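In: Pasted the sequence and its predicted model underneath.
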Amino acid sequence: MNIRYLLFLLLIITTASFVNAQKKSQRVVVIDAGHGGKDPGTLGKSTREKTITLKIAQKVGNYLSSNTPEIKVIYTRSSDVFVSLERRAEIANRHHADLFVSIHGNSSASRSVYGTEVYHFPQAYTLNEDLTDLMEDSLAKKENKVVKTEKNYRERYFQLYKMTRAKSTKDYEQSVRLAKIMDNELNHRAGRRSRGVRSAKYLVIGMTEMPAVLIEVGYLSNLKEEKFLSSEEGQSLIASGIYRGIKTYFYGKKEPVLLADTPPPSMSAPKPGTKSTSEAKTEPQNKGGTPSAPKPAATKTEPLGEYKVQLGIFSKKVPTTEAKWKSVKSLKIEQNNGKYYYFDSGYSTKEAAEKQKNILRKNGFPDAFVPSKS
């Protein structure tokens, strides 16, 4: 046989093996925006759950795609369409996803309730044949009741559940681990009040065959939290917390915990008693020695007409010697309540600040945003 032919054949085999190895090593995350289409979910005073969950889901996917290209992102929906719980789980199972993250909004009869909750499915749970336990579960019925709009839902979902509810002990343990990580990141990274990690009989995470969590990102029944969740800043911060939860789950902590994503005081969650599918550069990290951080500038009243871009909030002063800081035109640091607020300041119009924000997001500040003028 011709030696050139043999070399060519060897090259093809080697290339194919390399491509297959890459595919096998690629992680897959399914991002599930709760509700959609005919199912609006929880209704706030001026918002719908389905709209907020879709925007947050897309931001999570964009963060993953931009900063961790080795992770493939799949959405259960990328527009305002109805997707059954059966279909959502089937998408994750068919793609052999490594993680399934479902995003939802919450509500309460009390307008003072606020904060995030992260759910995993109970361990070793046996489903009753008539699904009553799922339809009447005090925690899960709000999300599960949508299946009642589908034909033969009792028979279909019971059979589906029996086939797919083979969640191993390992999957259960990893779901709990993922839930705890998400809770921590949303609390410390996004500055949200944690209402804890819980288990509930949510069908959509019960029918998935991989570690899965359902995140209630906040209460639309709380007027102040609804306003926060409806804002681009709020959605970006929540999405950042979820993104970092996924990243920490896969890679662990490789950097100090900094409150880089905590909202400014005016965007903080209300105090208790207040009424109120696209598929997706490594995030820069501090490396090397410990160069001295810049001295914080004294807090000053912002001149009339000046806009700024918030880069992050840190629990301690941070070095600004990384390449990404070169894209900051006018660094300003403000200290408030023991935290250091980093801004790119001095923009005379909001449009100019928004334009710079987009540049900063592409150059290592994925959570940059233009805060509202106080």
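Out: That came through fine.

In: where exactly do the strands run in the stretch 201-350 of the chain?
Out: Using DSSP state E, counting those that start in this stretch, the strands of the stretch 201-350 of the chain run over residues 212-219, 307-314, 331-336, 339-347.

In: These into CSV, with extra columns for mean neighbour count, distance to Arg88 and mean pLDDT?
Out: All C-beta spots, glycine's among them, are computed from the backbone N, C-alpha and C. Shown next, in CSV, are the strands of the stretch 201-350 of the chain (neighbours: other Cβ atoms under 10 Å; distance: least, Cβ to Cβ, whole Å; pLDDT from 0 to 100):
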stretch, mean neighbour count, distance to Arg88, mean pLDDT
strand 212-219, 28, 10, 96
strand 307-314, 22, 33, 84
strand 331-336, 16, 42, 84
strand 339-347, 21, 38, 84
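
In: Distance to Val28 for the ones you listed - can I get that in TSV?
Out: What follows is the strands of the stretch 201-350 of the chain, written out as TSV (distance: least, Cβ to Cβ, whole Å):
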stretch	distance to Val28
strand 212-219	13
strand 307-314	29
strand 331-336	38
strand 339-347	34
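
In: which stretches of the stretch 251-374 of the chain have low pLDDT?
Out: Residue ranges of the stretch 251-374 of the chain with pLDDT under 70: 253-305, 337, 372-374.

In: Then the stretch 1-150 of the chain?
Out: Using pLDDT under 70, the stretch 1-150 of the chain drops low at 1-2, 4-25, 124-150.

In: Now with 50, please.
Out: Where the stretch 1-150 of the chain drops to pLDDT under 50, the residues are 19-24, 129-130, 137-141.

In: Specify the residue ranges that define each domain of this structure.
Out: Domain assignment for the chain, taken from automatic domain parsing, gives 22-263, 291-374.

In: looking at these, which is buried most?
Out: Comparing the domains of the chain by mean neighbour count (mean count of other Cβ atoms under 10 Å), domain 22-263 comes out on top with a mean of 19.

In: if we can go back for a sec, what would the domains of the chain look like in CSV with distance to Ile3?
Out: CSV is the format used below for the domains of the chain (distance: least, Cβ to Cβ, whole Å):
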stretch, distance to Ile3
domain 22-263, 29
domain 291-374, 48
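
In: Run through who's touching the helix or strand hosting Met182.
Out: Assigned by DSSP states H and E, Met182 falls within helix 169-188. For helix 169-188, contacts defined as Cβ atoms under 8 Å, 6 or more residues apart in numbering pick out 99, 101, 116, 118-121, 123-124, 167, 192-194, 196-197, 205, 209-213, 215, 217, 238, 241-242, 244-245, 248-249, 257, 259.

In: In helices only, show me the residues you listed.
Out: Here DSSP state H is the test, and the contacts of helix 169-188 give Ile205, Ile238, Gly241, Ile242, Arg244, Gly245, Thr248, Tyr249 as lying in helices.

In: Output the residues you listed in a markdown table; the columns should cover pLDDT.
Out: Output for the ones in helices among the contacts of helix 169-188, formatted as a markdown table (pLDDT from 0 to 100):
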| residue | pLDDT |
| --- | --- |
| Ile205 | 89 |
| Ile238 | 94 |
| Gly241 | 94 |
| Ile242 | 96 |
| Arg244 | 93 |
| Gly245 | 96 |
| Thr248 | 94 |
| Tyr249 | 95 |
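
In: how about these, which pair is most distant?
Out: Greatest spacing in the ones in helices among the contacts of helix 169-188, by Cβ to Cβ: Ile205 and Arg244 (20.4 Å).

In: CA atoms only: put the host helix or strand of Asp32 into PDB for me.
Out: Assigned by DSSP H and E, Asp32 belongs to strand 27-33. These are the backbone C-alpha positions of strand 27-33, laid out as PDB (Å, rounded to 0.1, in the frame of the first residue of the first chain):
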ATOM      1  CA  ARG A  27     -19.300  20.100  29.400                       C
ATOM      2  CA  VAL A  28     -23.000  20.700  28.600                       C
ATOM      3  CA  VAL A  29     -25.200  23.000  30.700                       C
ATOM      4  CA  VAL A  30     -28.900  23.300  30.000                       C
ATOM      5  CA  ILE A  31     -30.400  26.700  31.100                       C
ATOM      6  CA  ASP A  32     -34.100  26.500  31.600                       C
ATOM      7  CA  ALA A  33     -36.100  29.800  31.600                       C
END
